[in-house]
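Enquirer: heads up, no residue letters with this:
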């Protein structure tokens, strides 16, 4: 019975991503791309320069957090498992062509997420303690003035999405299998560490993310780059697989079950949106914690987050499983990258679970912060307390569920959030301004 329900949910999810979300991402993304005259291409060097200069921003404002720290915190919630395990799901189910649609999601998503953060910053509110609240719950009230429920419904969806069940499931499974630790012990340890961190608020979460994220980027990009250099001779063939598979149905090959064009598009777009958190509202809420006063300057930084997540990490992870033929083998998605890296580096049964734990942990704590903000929005008096109890109870339960099924739940919730949030952004589209400040 449960398998049947998940099969139905999976079909609904594929339909939404393959038709509705596809049309919204492509349509709204193209609209902003045309209106801004391909802003993400023309001003990409300036965006890089803005990113670099932000490191030397010595703002001493007591309100909010340093822009770069906010950026790395936002990346910390989406980097890693979404780019390592999530993209492997896309390739295993949708074939190599799914990466092309992930690139499409990333290219258009740079402007979509810019708009999301821009509007979040524009309509954010200052709290008495100097912190800020912002995100889709606030700008949707402006987009749907006559509605009394849409912004509340989005806040509830984000509360559900904010407990990262997929990440909890993946890191529990990875550590338990590779390190031979009882699952219950792993679950209890993660929950204890999670509780200690979130009790320190956004400042502690930011400190953890800004410490771990740069180290992971350097190590993972270096390892993948080494493997690509070792296999440079077959790179043209691999890229041919990607572009050919983006527009044609692919038959079964080894452990690959074969896919239709619709399934390839659905997998590529949904995983690209998931890796970059497009339309979820997560980035808008996180970036609103900045001490930057300009919606534009902080929105520019989020474009770098999309570039790093999609065009660097997702691409490297995909190339890794394609070059090593791991994608055609009957391997669990949580172990695909580990198996590919193990062909070139020793001790991956130790290091990969450690990577997944650290990155999954970052996602869990950052998304919990977003969920708690939404819970507070719904009920300022009891929201955060109830949400903490909910997170501590529901996470262990889903640690025993098939990871693909858990991912289906998260992907479906993400599709609903994307649909509503982007419709709101469309209604406020004339308020979004694209420019680089000198």
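Expert: Now that the structure is in, tell me what you want to look at. A quick note: this is a predicted structure, and the numbers were derived from the prediction, not measured.

Enquirer: report how many residues lie close to residue 31.
Expert: Residues lying near residue 31 (other C-beta atoms under 10 Å) number 15. C-beta coordinates here come from the backbone N, C-alpha and C atoms, glycine included.

Enquirer: can you start the count at 2 instead of 1 from here on
Expert: Got it, the first residue is 2 from now on, which makes the last one we talked about residue 32.

Enquirer: okay, now the unreliable bits of the stretch 102-251 of the chain?
Expert: Within the stretch 102-251 of the chain, the segments meeting pLDDT under 70 span 251.

Enquirer: all helices for it, in order.
Expert: 137-144, 151-163, 166-180, 184-199, 202-231, 236-246 (DSSP state H, counting those that start in this stretch).

Enquirer: looking at those helices, which is nearest to residue 304?
Expert: Distance to residue 304, taken as C-beta to C-beta, is lowest for helix 202-231 among those, at 16.7 Å.

Enquirer: hang on, the earlier thing: turn the helices of the stretch 102-251 of the chain into CSV, columns for distance to residue 18 and mean neighbour count.
Expert: Shown next, in CSV, are the helices of the stretch 102-251 of the chain (distance: least, C-beta to C-beta, whole Å; neighbours: other C-beta atoms under 10 Å):
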stretch, distance to residue 18, mean neighbour count
helix 137-144, 19, 23
helix 151-163, 15, 21
helix 166-180, 16, 23
helix 184-199, 29, 16
helix 202-231, 27, 16
helix 236-246, 17, 15
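
Enquirer: could those helices be laid out in JSON lines, adding distance to residue 100?
Expert: Listed next are the helices of the stretch 102-251 of the chain as JSON lines, based on distance: least, C-beta to C-beta, whole Å:
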{"stretch": "helix 137-144", "distance to residue 100": "28"}
{"stretch": "helix 151-163", "distance to residue 100": "24"}
{"stretch": "helix 166-180", "distance to residue 100": "20"}
{"stretch": "helix 184-199", "distance to residue 100": "31"}
{"stretch": "helix 202-231", "distance to residue 100": "14"}
{"stretch": "helix 236-246", "distance to residue 100": "5"}
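
Enquirer: nearest to residue 406, of those?
Expert: Closest among the helices of the stretch 102-251 of the chain, using C-beta to C-beta: helix 166-180, at 9.2 Å.

Enquirer: now that closest one, how far from the centre of its chain.
Expert: From the chain centre to the centre of helix 166-180 is a distance of 18 Å (C-alpha atoms, centre = their mean, to the nearest Å).

Enquirer: what packs against that helix?
Expert: If you count contacts as 3 or more C-beta pairs under 8 Å, 6 or more residues apart in numbering; DSSP states H and E, helix 166-180 packs onto helix 82, helix 184-199, helix 349-379, helix 384-399, helix 404-428.

Enquirer: for these, which one ends up most surrounded?
Expert: helix 82 (a mean of 29; mean count of other C-beta atoms under 10 Å).

Enquirer: flag the shaky bits of the stretch 252-401 of the chain, pLDDT-wise.
Expert: For the stretch 252-401 of the chain, the stretches with pLDDT under 70 are 252-260.

Enquirer: so what's the residue count around residue 263?
Expert: By other C-beta under 10 Å, 16 other residues sit near residue 263.
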